[in-house]
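just to be clear, the model below is a prediction. Sequence and coordinates:
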Amino acid sequence: MKSKVLITLSTIVFSAISYSVMAQETVYNTLPPGYDPNRDKIIPDKVFEIGLPLLFLFLLANAIVTIFKIRAENKLKEKVLDKQISESTLITLFSEDKSMAKYSYLKWFLILAALGISFIILPVTPGQGYMPLGIISLLLSFAFLAYYLIIRKK
């Protein structure tokens, strides 16, 4: 019984692999002559080869720093509670600053608006290589600058 199931599963897997190979050959054979898929790329492959490992390292470092920050804040709060400080001091110490929380939506609006504008601009601008990535980075930096200038006034 087990051998029949194994033979059936292996037949299904090999059939799926052969079908996908045939489908790829059909797609490549229907492309127009002289078509180069690498010529009109908006973002070059090098960006992903370098950027994705850096993004992973950034996220890992950010997670580690956040964990240490939370643990340090909790230890500090425990020590303060052990010293039996007055209630008004505890309230001011443990209250979180929520004044900047209302600007979080503004920040994300500016970032997404800059990305949207850059994706609208990219098809009409001539440029290959790193030019589209530069446009995206430039508009994002303008969005962060606008956010900084708004926050600084408040």
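Perfect, I can see it now.

tell me where the chain has helices.
Using DSSP state H, the helices found in the chain span residues 2-29, 45-82, 87-94, 104-121, 131-153.

quick one: these as JSON lines, columns for distance to residue 36 too.
C-betas here are computed from N, CA, C, even on glycine. Supplementary listing: those in JSON lines, determined by distance: least, Cβ to Cβ, whole Å:
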{"stretch": "helix 2-29", "distance to residue 36": "13"}
{"stretch": "helix 45-82", "distance to residue 36": "13"}
{"stretch": "helix 87-94", "distance to residue 36": "61"}
{"stretch": "helix 104-121", "distance to residue 36": "23"}
{"stretch": "helix 131-153", "distance to residue 36": "17"}
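
any idea how far the most centrally placed residue in the chain is from residue 91?
For the chain, the residue sitting closest to the mean C-alpha position, by Cα atoms, centre = their mean, is residue 55 at 7.7 Å. Spatial separation of residue 55 from residue 91 under the definition Cβ to Cβ, to the nearest Å is 40 Å.

next one: residue 115
Summarising the geometry, the distance separating residue 115 from residue 91, computed by Cβ to Cβ, is 41 Å.

looking at these two, which is more packed in?
The neighbour comparison of residue 115 against residue 91 (other Cβ atoms under 10 Å) goes to residue 115, with 14 against 9.

domain ranges for this structure?
Using automatic domain parsing, the domains assigned to the chain come out as 1-35, 44-95, 98-154.

deepest-packed of those, please.
Among these, the stretch with the highest mean neighbour count (mean count of other Cβ atoms under 10 Å) is domain 98-154, at a mean of 13.

thanks a lot, see you next time.
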